[in-house]
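Peer 1: Structure for this input, please:
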Amino acid sequence: MKKTYDLKFPARTYKTANGEEKTFWAAHGTLRVECPDGIDLTKFQFTVKMDSLPISKDYDGWFQCYEKKPFEERQSESRPGEYEDIKF
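Peer 2: Residues are numbered from 1 along each chain as shown. The predicted structure follows:
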């Protein structure tokens, strides 16, 4: 069994166009979990790759782990319709 997670930190909050407050989660690395022998927790192997560290007065050394989404799903979430009004 292999799973991959994004290591994220809540970088800032922002308001959407309709006034809803949301949190922007900045990705700073990857956590890979591998367990070749099923669910025996003593045999789990954890690997961490850090791409960056947050520079924030609120950073306390902890990250949140979120299951990595497929590439296509991440692309569709980025900014839907961002370039729809540009005429070529």
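Peer 1: C-alpha from now on. contacts and neighbour counts both.
Peer 2: Fine.
Peer 1: and F24, how many residues sit next to it?
Peer 2: 12 (other C-alpha atoms under 10 Å).
Peer 1: Kindly report the same for K2.
Peer 2: Residues near K2, counting by other C-alpha under 10 Å: 10.
Peer 1: So what does it look like in phi/psi?
Peer 2: Main-chain dihedrals, K2, degrees, to the nearest 10: phi -130, psi 140.
Peer 1: can you check K49 too?
Peer 2: Residue torsions, per degrees, to the nearest 10, at K49 are phi -120, psi 120.
Peer 1: so it touches T30, yeah?
Peer 2: Yes: judged on C-alpha atoms under 8 Å, K49 makes contact with T30 at a distance of 5.2 Å.
Peer 1: between these two, which one's more packed in?
Peer 2: In this view K49 and T30 are compared by other C-alpha under 10 Å, and T30 has more residues nearby, 20 against 12.
Peer 1: Helix or strand for that one, just tell me which one.
Peer 2: strand 21-34 (DSSP states H and E).
Peer 1: In CSV, please show the C-alpha coordinates belonging to that strand.
Peer 2: The C-alpha trace of strand 21-34 is given here as CSV (Å, rounded to 0.1, in the frame of the first residue of the first chain):
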residue,chain,number,x,y,z
GLU,A,21,-13.9,33.9,4.1
LYS,A,22,-11.6,31.1,3.1
THR,A,23,-8.1,29.9,3.9
PHE,A,24,-5.3,29.6,1.4
TRP,A,25,-3.3,26.5,2.1
ALA,A,26,0.3,26.7,0.7
ALA,A,27,2.0,23.4,-0.2
HIS,A,28,5.5,23.0,1.2
GLY,A,29,6.3,19.3,0.6
THR,A,30,5.2,15.7,0.2
LEU,A,31,4.7,12.9,2.6
ARG,A,32,4.8,9.3,1.3
VAL,A,33,3.5,6.4,3.3
GLU,A,34,4.3,2.8,2.4
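Peer 1: Parallel or antiparallel, list what pairs with that strand.
Peer 2: According to DSSP bridges, strand 21-34 has the following sheet partners: strand 2-15 (antiparallel), strand 45-50 (antiparallel).
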